[in-house]
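[1] model this:
(one chain, ligands or ions: 1)
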Amino acid sequence: MGQKCERVAVYPGTFDPFTNGHLSIVRRGLEVFDRVIVAAAQDSGKNPLFSLEERVEMIREVFRGQTRVTVQGFSGLLVDYVPTTGANTILRGLRAVSDFEYEFQMALMNRKLKPSLHTVFMMTDYRWLYISSTIIKDVARLGGSIEGLVPELIHARVAQRYDERAHNAVESQGNAG
Ligand code: COA
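    Coordinates of the predicted model:
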């Protein structure tokens, strides 16, 4: 009997930070794919709050013990990275119509660059329609609660990062004064 071909998808993103919306896409992805590789991007044009290493480490912690999920960081073009994993499918989440244009543009550019790769979209759960990493960082930075919107351990890390920043800002003001 021939060996069953494993279905593997790469779920790329900046994940700064990884949210419950991202988590729900991975969970639903696992109902369609045998394995999901969560791939945190170094080069996404954003100026992240967490370094690539920190983002990878936090997401690994979220999926600790889940053998069907692996977490990696990558730099350079997504279409160059995906084939190195053995996968030929990119998984992306869509929240609203507003995401469509950007996602469509990326999917078409990726296809132009590497026609052998496919992009599969999954609809985000309605509970996470309104969240994004940016809005979560904004709320946390200004002291609002992000409880229930990100995994617990990420909640703690985001709060800690803003505490450190506030502390450093006070110190440098003190030094300047
Ligand atoms: N639930 C909640 N929020 C979601 C979500 C979901 N299911 N899916 C996406 N989002 C949010 C994210 O939080 C993020 O918010 P932000 O813009 O405020 O940070 C936004 O939607 C999209 O971010 P994310 O899913 O992390 O992807 P991205 O758009 O940051 O990632 C890459 C883009 C990494 C896939 C792309 O830049 C890339 O491929 N980079 C590598 C270099 C490359 O190949 N470039 C050419 C691409 S054509």
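[2] So for the biggest helix by length in the chain, mean pLDDT?
    Using DSSP state H to assign secondary structure, the helix with the most residues in the chain is helix 152-176. Mean pLDDT, helix 152-176: 86.
[3] Likewise for stretch 92-106?
    91.
[4] Number of residues surrounding Val150?
    When counting by other Cβ atoms under 10 Å, one arrives at 25 neighbours for Val150. C-beta here means a position set from N, CA and C on the backbone, and glycine is covered the same way.
[5] For Gln42, give me its contacts.
    The contact partners of Gln42, by Cβ atoms under 8 Å, 6 or more residues apart in numbering, come to 52, 73-76.
[6] now with 10 Å?
    By Cβ atoms under 10 Å, 6 or more residues apart in numbering, the contact set of Gln42 is 14, 48, 51-53, 55, 73-76.
[7] again with Glu147
    The contact partners of Glu147, taken as Cβ under 10 Å, 6+ apart, are 155, 159.
[8] Give me the pLDDT value at the residue of the chain found nearest the ligand.
    Nearest residue of the chain to the ligand: Gly21, at 1.9 Å (Cβ to the nearest ligand atom). We have a pLDDT of 96 for Gly21.
[9] So what does the residue lying closest to it once chain neighbours are set aside look like in phi/psi?
    Spatial nearest neighbour of Gly21, chain neighbours left out: Trp128 (3.3 Å); criterion: Cβ to Cβ, 6 or more residues apart in numbering. Dihedral pair for Trp128: phi -110, psi 10, per degrees, to the nearest 10.
[10] What count of nearby residues applies to Trp128?
    When neighbours are defined as other Cβ under 10 Å, Trp128 has 18 of them.
[11] Tell me which residues touch the closest residue to Lys46 other than its chain neighbours, please.
    If the residues on either side of it in the chain are set aside, Lys46 comes closest to Thr14, at 5.2 Å by Cβ to Cβ, 6+ apart. By Cβ under 10 Å, 6+ apart, the residues touching Thr14 are 40-46, 48, 50, 52, 55, 133-134.
[12] how about 8 Å then?
    By Cβ under 8 Å, 6+ apart, Thr14 lies in contact with 40-41, 44, 46, 48, 55, 133.
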